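Undergrad: Here's my sequence, what's the structure:
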Amino acid sequence: MIKQHRPAAALVAALALALSIAAGAASAATLTPVMRGLDNPRGLAFGPDGGLYVAEAGRGGDGPCVEGLGEGPACYGPTGALSRLLDGQQERIATGLPSIAGPGGVAATGPHDVALQGRRAFVTVGLGGNPALRAGFGEAGEDLAQVVRVRPNGSWRSVADLGAYEASANPDGAPPDTNPYGILAGPGGRIVTDAGGNTLLLVGADGEITTLAVFPSRSSGRPTDSVPTSVVRGPDGALYVGELTGAPYVAGLANVYRVVPGRGPEVFAGGFKTIIDIAFGPDGSLYVLDIASGIFGLNPPGRLLRVAPDGERTIVADEGLLFPSSVAVADDGRIYVSNRGILPGGGEVVRID
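TA: Predicted coordinates:
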């Protein structure tokens, strides 16, 4: 799911604990499910049709399987998808996208985010390791670490190979590692965070890839990478990037960066723990989603915070957010979150009231 992740069994154990706690807890916010039965739901985006789109990382499959991508073997299967909620109807509008996961399909890697540009949908497909490992999946491995375009009829094709770019350019100078994650579409091309390469990349209309920013590592007893997970455009026109950071996921180390192409990234807001997504609301507030806010590591619950234009911070929701993976704010101010984002078949999208 992310660049540095814990064993799937530990994630499931943490989720079970969170469910038992949440069952008897009162939450200040009401979480209303609007989509259910999703496979590892990740990025959310609104389309010009008014639909709410969600990338599903899938559940892996029967193989081929490759070691070195997390704990244990990661097995391939064409189980990734893109779903849409439109006029109250939930539908998978594209299937057969690449997915890799361990046994059971927990915390799969596959379609991580979606961005709409007219009738075109662009989806990041992750990897989470050295791009050379793709060869172990055979021909199917070529579809990992990509940006793909999904057509209205559900067919799709690759438009940029971010794995090949990391292998050749390696902008951060660390051992090659790629995991395309967040994506933002605009007239100048697609802007992508590579959570493995610690970079912000521009994919031009012709497919050419350039580096817009490299995000610094930091030390919390041991060095940890930035792991940028999300990118949005702010009210001022600048790019804003949220970072997860790596293990041991120390509270207070994660930042939201402001990026103006041609300049180095600047910290816009700090003091977060495990940022998995960010979004601006219609009033200029920044919503920051932590995938986990527990005392240790990636322990639940998740947490959604609002950073007002004057800098004041409030917790919008935490109880009931179990490994949330994306946040989107509608024009009317309604907030939607991908929840239970590491579960095959158990994922959902909730509206926060």
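
Undergrad: Glu319 and Pro301 touch, don't they?
TA: Yes. Glu319 is in contact with Pro301 according to Cβ atoms under 8 Å; the separation is 5.9 Å. Glycine gets a C-beta too; all of them are placed from N, C-alpha and C.

Undergrad: Tell me where the model's unsure across the chain.
TA: 1-28, 220-222 (pLDDT under 70).

Undergrad: cutoff 90 now
TA: For the chain, the stretches with pLDDT under 90 are 1-29, 70-72, 118-119, 186-188, 218-224, 246-251, 261-262, 295-297, 353.

Undergrad: quick one: Pro261 from Asp87, how far?
TA: Distance, Pro261 to Asp87, using Cβ to Cβ, to the nearest Å: 38 Å.

Undergrad: Looking at those two, which is more packed in?
TA: More crowded of Pro261 and Asp87, by other Cβ atoms under 10 Å: Pro261, with 13 against 7.

Undergrad: can you pull the contacts of the residue lying closest to Val350 once chain neighbours are set aside?
TA: Nearest non-adjacent residue to Val350, counting by Cβ to Cβ, 6 or more residues apart in numbering: Leu31, 4.2 Å away. Residues near Leu31 by Cβ atoms under 8 Å, 6 or more residues apart in numbering: Ala317, Gly320, Leu321, Val337, Asn339, Val350, Arg351, Ile352, Asp353.

Undergrad: Let me know the distance separating Leu31 from Tyr336.
TA: From Leu31 to Tyr336 the distance is 10 Å (Cβ to Cβ).

Undergrad: quick one: common contacting residues for the two?
TA: Common neighbours of Leu31 and Tyr336 (Cβ under 8 Å, 6+ apart) are Val350, Arg351, Ile352.

Undergrad: which of the residues you listed tops the neighbour count?
TA: Val350 (23 neighbours).

Undergrad: Show me what it is bridged to.
TA: For Val350, the beta-bridge partners are Pro33, Val337 (DSSP bridges).

Undergrad: from what I can see it touches Leu38, true?
TA: No. With contacts counted by Cβ under 8 Å, Val350 stays clear of Leu38, the gap being 11.3 Å.

Undergrad: still on that earlier bit, any idea which of the contacts of Leu31 is the one closest to Leu289?
TA: Val337 (6.8 Å; Cβ to Cβ).

Undergrad: count of residues packed around that closest one?
TA: Neighbour number of Val337 under other Cβ under 10 Å is 28.

Undergrad: How about Glu91?
TA: By other Cβ under 10 Å, the burial measure for Glu91, its neighbour count, is 11.

Undergrad: again, but for the one 5 residues further on
TA: Other residues near Gly96 come to 15 when the count uses other Cβ under 10 Å.

Undergrad: Check Phe122 too.
TA: 24.

Undergrad: Could you do the one 5 residues further on as well?
TA: Close neighbours of Leu127, defined as other Cβ under 10 Å, add up to 30.

Undergrad: Backbone dihedrals for the residue nearest to it when sequence neighbours are not counted, both of them.
TA: Residue nearest to Leu127 in three dimensions, not counting chain neighbours: Ala145, with 4.1 Å by Cβ to Cβ, 6+ apart. With angles defined as degrees, to the nearest 10, Ala145 sits at phi 60, psi 50.
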